[in-house]
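1. When you get a sec, could you give me coordinates for this:
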Amino acid sequence: MEALRDARVVVTGAGGGIGAALARRFAAEGARVVVNDLDADAARKVADEIGAAVVAGDASGIVPAARTALGGGIDVFCANAGVGTGGGPEADDAAWELAWDVNVMAHVRAARALLPEWLERGRGRFVSTVSAAGLLTMIGAAPYSVTKHGALAFAEWLSLTYRHRGVRVHAVCPQGVRTAMLRSTGPAGDLVLTPGAIEPEDVAEAVMRGIADDRFLILPHPEVAGYSAARAAEPERWLRGMNKLQRSYEGLLAQQAAGGAGGRSGAGTTTGTTGGEGGRQA
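-> Residues are numbered from 1 along each chain as shown. Predicted coordinates:
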């Protein structure tokens, strides 16, 4: 895409998964890229591969350093880092706070730092890796589902508030993506996400198409549009269907417990990289 040639791009959570795929694809389009991740070694490995700069550390506060690394400005910011936190109301406050801080507030802090620059020059692009859980939900993972709804709501708010001033916003909502996060989701992921899982590179390709088409909602799994429409049109029917899925999930957990399985439990409170988004960070 000609529009991305020489663009200054930041990708958080880019040490692996979707983030790494995005960084590689932006670089292939001729962009100048900053790779961010909590894991400095992982970030450096990706950056060395594509000739990018590295800004390691927590995603919430990297805008000033990334701006400097890119020569004074940022054109595209990919808020990709996230955490996947399982459990329900019984998950402790620390788990809920972590999910809220990384999946929502890191986006808010980035936008707070970016908007003055973008509004002054009349252009900028914010790419938010949300998840289909932000449009729908995810069984067995209340903190993740709730905060991904929050991430989508914030992206919508940014778009409707600033689009007439040149700020473009994209919300990327994949289902299962073959990453470390998917491998950590246990029976819930096996039931819901694994059968239709795609590669991180497929998500990056969908993002490129979404940017080219100037679309807010980017759905690497197109069927999510139908699920979302059904949820809005017939919420009671949708909830009954999701409850049926929940009961199947509980049955899998019971079978696992009866068999004394070790390995992944998928129950309780677990934290990992979300949906292949690439890390707690970053």
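2. Between the two ends of stretch 225-243, what distance do you get?
-> Start and end residues of stretch 225-243 are separated by 20 Å (Cα to Cα, to the nearest Å).
3. Quick one: mean pLDDT over stretch 242-257.
-> Stretch 242-257 shows a mean pLDDT of 88 in the predicted model.
4. again, but for stretch 119-134
-> Regarding stretch 119-134, the rounded mean pLDDT is 96.
5. Can you give me the buried ones in it?
-> Residues of stretch 119-134 classed as buried: Gly124, Arg125, Phe126, Val127, Ser128, Thr129, Val130, Ser131, Ala132, Ala133, Gly134 (neighbour count, 16 or more other Cβ atoms under 10 Å). Where you see a C-beta, it was placed from the backbone N, CA and C, and this is true even at glycine.
6. Next: stretch 226-233.
-> Across stretch 226-233, burial judged by 16+ other Cβ under 10 Å covers Tyr227, Ser228, Arg231.
7. how near is the first one to Gly196?
-> Looking back up the chat, that one is Tyr227. Distance from Tyr227 to Gly196, counting by Cβ to Cβ, to the nearest Å: 11 Å.
8. just curious, which of the buried residues of stretch 119-134 is nearest to Arg5?
-> When the buried residues of stretch 119-134 are ranked by distance to Arg5 (Cβ to Cβ), Arg125 comes first, at 14.1 Å.
9. Indicate each strand paired with the helix or strand harbouring that closest one and its parallel or antiparallel sense.
-> Arg125 is part of strand 124-129 when elements are defined by DSSP states H and E. According to DSSP bridges, strand 124-129 forms sheet pairs with strand 76-79 (parallel), strand 167-172 (parallel).
10. if we can go back for a sec, can I get the buried residues of stretch 119-134 in CSV with distance to Ala155?
-> CSV is the format used below for those (distance: Cβ to Cβ, whole Å):
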residue, distance to Ala155
Gly124, 14
Arg125, 12
Phe126, 7
Val127, 9
Ser128, 4
Thr129, 10
Val130, 7
Ser131, 12
Ala132, 14
Ala133, 14
Gly134, 9
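11. Now do the contacts for Met208.
-> Met1, Arg25, Glu29 (Cβ atoms under 8 Å, 6 or more residues apart in numbering).
12. What residues sit buried inside the host helix or strand of Leu114?
-> Per DSSP H and E, Leu114 falls inside helix 106-121. Residues Ala106, His107, Val108, Arg109, Ala110, Ala111, Ala113, Leu114, Leu115, Glu117, Trp118 are the ones in helix 106-121 that count as buried (16+ other Cβ under 10 Å).
13. now swap in stretch 205-219 and tell me
-> By neighbour count on 16+ other Cβ under 10 Å, the buried set for stretch 205-219 is Ala206, Val207, Met208, Gly210, Ile211, Phe216, Leu217, Ile218, Leu219.
14. and the angle for the helix or strand hosting the third one with strand 167-172?
-> Using DSSP H and E, the element containing Met208 is helix 200-213. Relative orientation of helix 200-213 with respect to strand 167-172: 150 degrees, computed using axes from the mean of the first three to the mean of the last three Cα atoms, to 10 degrees.
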